[in-house]
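Chemist: mind folding the following:
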Amino acid sequence: MVFKNTLENVRADGRHLLTELESKEVLRVAGIPVVDSYSSRSKAEAIRVARSIGFPVVLKILSKDVLHKSDVGGVAVGIKNLRQVGESYDSIMSSVTRNNPEADIQGVSVQRMADPGVEVIIGASTDPQFGHVIMFGMGGTLVEILQDVSLRLVPLTPRDAREMVREIKSFQLLQGYRGTEPSDVSKLEEAILNLSGFLELHPEIREVDMNPVFCYPKGILAVDARIIIN
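Modeler: The predicted structure follows:
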């Protein structure tokens, strides 16, 4: 029902890109852990939300016209107090307006800054011939440079998910590196399988991008998400 309502809203607006908040809500329904994010349409509201959830926080631009938020200065991380919330809000609005003057801006999302973990990417795209393809690999800002990913066609089996996680070159980072604890690989496999099942039910989804997903010794958490529909 959540995705159906979101889909109706998106199509009514004549758009294909779900906002970050919409994308996270859909992924939460799909069974994938996501960080809680809150919409703020003004600086005062952003300050109020930040005070409520506690510091440090992250602010991100909310706009159906901004695909890559960081590229237009639409993200502020590590915000430690209310004064910085107001300054970051103004800076984001100024930067996005300058870099994308035609963008329809709905405000910002405010989220508690997640504890750092091993960063991976989980995503999906649509092949014209074969349908949905799921991708897994090391995430963060270097994903396009490293290109350390594995791919599988939907639907996936538990064996597929297990192999995907283990066949990337950087799997050792998930096993524990220089004294760090191993990541919860079973939760990664579960998230990949949940995404596969959700895509089977919703062929109208064209792309999914969760980057980064933080991996911890217990559990995982998607801190950014984007969904594009047909």
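
Chemist: please make it C-alpha for all contacts and neighbour counts, starting now.
Modeler: Will do.

Chemist: can you pull out the strands in this protein?
Modeler: Ranges of strands in the chain, per DSSP state E, are 37-40, 57-63, 75-79, 105-112, 118-127, 131-138, 149-153, 205-215, 220-222, 225-229.

Chemist: what would the ones you listed look like in TSV with distance to residue 181?
Modeler: Written out in TSV, the entries for the strands of the chain read as follows (distance: least, C-alpha to C-alpha, whole Å):
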stretch	distance to residue 181
strand 37-40	28
strand 57-63	25
strand 75-79	24
strand 105-112	23
strand 118-127	10
strand 131-138	17
strand 149-153	22
strand 205-215	11
strand 220-222	14
strand 225-229	26
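
Chemist: between these, which one is closest to residue 196.
Modeler: strand 131-138 (7.4 Å; C-alpha to C-alpha).

Chemist: quick one: average pLDDT of the closest one?
Modeler: Along strand 131-138, the predicted local confidence has a mean pLDDT of 96.

Chemist: tell me what angle it forms with strand 118-127.
Modeler: Using axes from the mean of the first three to the mean of the last three C-alpha atoms, to 10 degrees, one finds that strand 131-138 and strand 118-127 are set 160 degrees apart in direction.

Chemist: domain parsing for the chain?
Modeler: 36-113, 118-229 (automatic domain parsing).

Chemist: I'd like the ones you listed laid out as CSV, including distance to residue 26 and mean neighbour count.
Modeler: Compiled in CSV, the domains of the chain are given as follows (distance: least, C-alpha to C-alpha, whole Å; neighbours: other C-alpha atoms under 10 Å):
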stretch, distance to residue 26, mean neighbour count
domain 36-113, 12, 18
domain 118-229, 9, 18
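
Chemist: let me have those domains in a markdown table, adding distance to residue 28 as columns.
Modeler: Formatted as a markdown table, the entries for the domains of the chain read as follows, by distance: least, C-alpha to C-alpha, whole Å:
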| stretch | distance to residue 28 |
| --- | --- |
| domain 36-113 | 10 |
| domain 118-229 | 10 |
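
Chemist: tell me which of the ones you listed sits nearest to residue 27.
Modeler: The stretch from these with the least distance to residue 27 (C-alpha to C-alpha) is domain 118-229; that distance is 8.0 Å.

Chemist: which stretches in this protein count as helices?
Modeler: Along the chain, the stretches classed as helices by DSSP state H are 2-12, 20-29, 43-53, 82-99, 143-146, 158-166, 171-175, 185-201.

Chemist: could you dump those to a markdown table with mean pLDDT?
Modeler: As requested, the helices of the chain are arranged in a markdown table below (pLDDT from 0 to 100):
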| stretch | mean pLDDT |
| --- | --- |
| helix 2-12 | 68 |
| helix 20-29 | 95 |
| helix 43-53 | 98 |
| helix 82-99 | 97 |
| helix 143-146 | 65 |
| helix 158-166 | 98 |
| helix 171-175 | 92 |
| helix 185-201 | 98 |
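
Chemist: could those be laid out in a markdown table, adding distance to residue 213?
Modeler: Putting the helices of the chain into a markdown table (distance: least, C-alpha to C-alpha, whole Å) gives the following:
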| stretch | distance to residue 213 |
| --- | --- |
| helix 2-12 | 21 |
| helix 20-29 | 12 |
| helix 43-53 | 21 |
| helix 82-99 | 23 |
| helix 143-146 | 12 |
| helix 158-166 | 13 |
| helix 171-175 | 12 |
| helix 185-201 | 9 |
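
Chemist: and residue 124, which of those helices is closest to it?
Modeler: Go through the helices of the chain one by one with C-alpha to C-alpha and the one that ends up closest to residue 124 is helix 185-201, at 8.6 Å.

Chemist: got the CA coordinates for the closest one in PDB?
Modeler: Provided in PDB are the C-alpha atoms of helix 185-201 (Å, rounded to 0.1, in the frame of the first residue of the first chain):
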ATOM      1  CA  VAL A 185      27.200 -10.600   6.100                       C
ATOM      2  CA  SER A 186      24.000 -12.500   6.700                       C
ATOM      3  CA  LYS A 187      22.100  -9.200   6.900                       C
ATOM      4  CA  LEU A 188      23.600  -8.100   3.600                       C
ATOM      5  CA  GLU A 189      22.400 -11.300   2.000                       C
ATOM      6  CA  GLU A 190      19.000 -10.800   3.500                       C
ATOM      7  CA  ALA A 191      18.800  -7.300   2.100                       C
ATOM      8  CA  ILE A 192      19.800  -8.400  -1.300                       C
ATOM      9  CA  LEU A 193      17.100 -11.100  -1.300                       C
ATOM     10  CA  ASN A 194      14.500  -8.700   0.000                       C
ATOM     11  CA  LEU A 195      15.300  -6.300  -2.800                       C
ATOM     12  CA  SER A 196      15.000  -9.100  -5.400                       C
ATOM     13  CA  GLY A 197      11.600 -10.200  -4.100                       C
ATOM     14  CA  PHE A 198      10.400  -6.600  -4.000                       C
ATOM     15  CA  LEU A 199      11.500  -6.000  -7.600                       C
ATOM     16  CA  GLU A 200       9.600  -9.200  -8.700                       C
ATOM     17  CA  LEU A 201       6.400  -7.700  -7.300                       C
END
